[in-house]
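Student: Here's a sequence, model it:
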Amino acid sequence: MMNRVIVFLNGVRGISVIETIHKSKHEIIAVVTPSNTSDEISKTIKNLKVSHLCFEKINTEESIAQLKNFDPELFIVAGYSTILKQKVLDIPQLGTINLHAGRLPEYRGGSPLNWQLINGEEKAGISVILMDEGIDTGCVLAEEKFPIGQNDTIADLHQKANELFPNLVLKALNKLEVNDTSYSVQDERKAQYWHQRNDADGRLDFESMTMLEVDRMIRALTIPYPGAWATFENKVVRKMDDDVGLAVWDLYRAG
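Tutor: Residues are numbered from 1 along each chain as shown. This next block holds a predicted model:
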């Protein structure tokens with residue numbers, strides 16, 4: 001059986017997913033992106049010869065009508081930042097699934113990979129969930145864990161997650177296709193929400209943090225993020241700064 005799929009994406013993770021689905025028995029009928037999507041993503045969509053949609057506002061009646069015209073059976077959300085209201089989630093017959101880069105329910109909310117590294121988890125978890133109107137509250141259709149190495153940066157974790165997500169999505173699709181209900185309902189007693197990190201969160205407090213905590217913060221906020229930072233003689237010093245900044249940084253780390 002072939003499912004007609006619309007993918008909502010923004011970023012590299014979505015590219016690997018649509019390429020994998022395209023090679024499967026399922027059919028991508030459209031891809032939805034923000035209006036400022038990258039040339040790489042636009043080129044990939046064009047090569048797949050599917051409709052490329054950009055909505056100013058996704059939850060309007062006009063947008064909903066346009067999506068319904070495609071007669072989709074499933075929506076897949078891969079890094080699409082706009083929150084989809086229930087009237088959008090209800091459009092496809094099989095529902096809407098979301099790729100969440102965190103173990104659930106312990107890592108709901110924003111920046112889950114960053115938080116797992118900062119918190120010193122030995123393994124990072126990723127999940128594919130059946131979306132509802134809650135924030136990361138839906139049933140878990142598929143999940144995976146992978147080790148966090150001592151020297152892994154956030155870029156390494158993103159790469160590992162992006163390599164695992166495509167097959168997890170196919171596993172979730174197959175469950176929905178045959179009405180397999182062996183997925184898990186989240187335990188609300190274990191639920192914890194984490195906020196979307198911003199640059200202010202990257203400030204290091206060398207008086208209260210251990211060097212291990214400092215090291216994890218540095219690795220969690222390096223490229224593609226702005227980098228962890230501290231102040232020295234009224235100057236902001238980042239791990240990715242110039243030679244003078246790096247010398248000061250090494251002095252800090254030496255204690």
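Student: For residue 240, give me the pLDDT.
Tutor: On the pLDDT scale, residue 240 is placed at 53.
Student: An error on my part: the question was meant for residue 126.
Tutor: 98.
Student: just checking, next helix/strand downstream of the one helix or strand it maps to?
Tutor: Element membership for residue 126, per DSSP states H and E: strand 123-130. Using DSSP H and E, the next helix or strand after strand 123-130 towards the C-terminus is strand 140-147.
Student: which strands and helices sit next to that following strand?
Tutor: Applying 3 or more Cβ pairs under 8 Å, 6 or more residues apart in numbering; DSSP states H and E, one finds that strand 140-147 contacts strand 123-130, helix 154-177. (C-beta placed from N, C-alpha, C; glycine too.)
Student: Show me which of those has the highest average neighbour count.
Tutor: Among the helices and strands packed on strand 140-147, strand 123-130 has the highest mean neighbour count (mean count of other Cβ atoms under 10 Å), at a mean of 22.
Student: Now do residue 237 against residue 212, distance only.
Tutor: From residue 237 over to residue 212 the distance is 20 Å, taken as Cβ to Cβ, to the nearest Å.
Student: Ok, residue 19 next?
Tutor: As judged by Cβ to Cβ, residue 19 and residue 212 stand 38 Å apart.
Student: do residue 178 as well
Tutor: Remark: distance between residue 178 and residue 212 (Cβ to Cβ) = 46 Å.
Student: Likewise for residue 39?
Tutor: Taking Cβ to Cβ, one finds residue 39 at 40 Å from residue 212.
Student: And residue 15, by the same measure?
Tutor: Relative to residue 212, residue 15 is positioned 35 Å away (Cβ to Cβ).
Student: Between the two, which is the more surrounded one?
Tutor: Neighbour count, other Cβ atoms under 10 Å: between residue 15 and residue 212, residue 15 has more, with 21 against 9.
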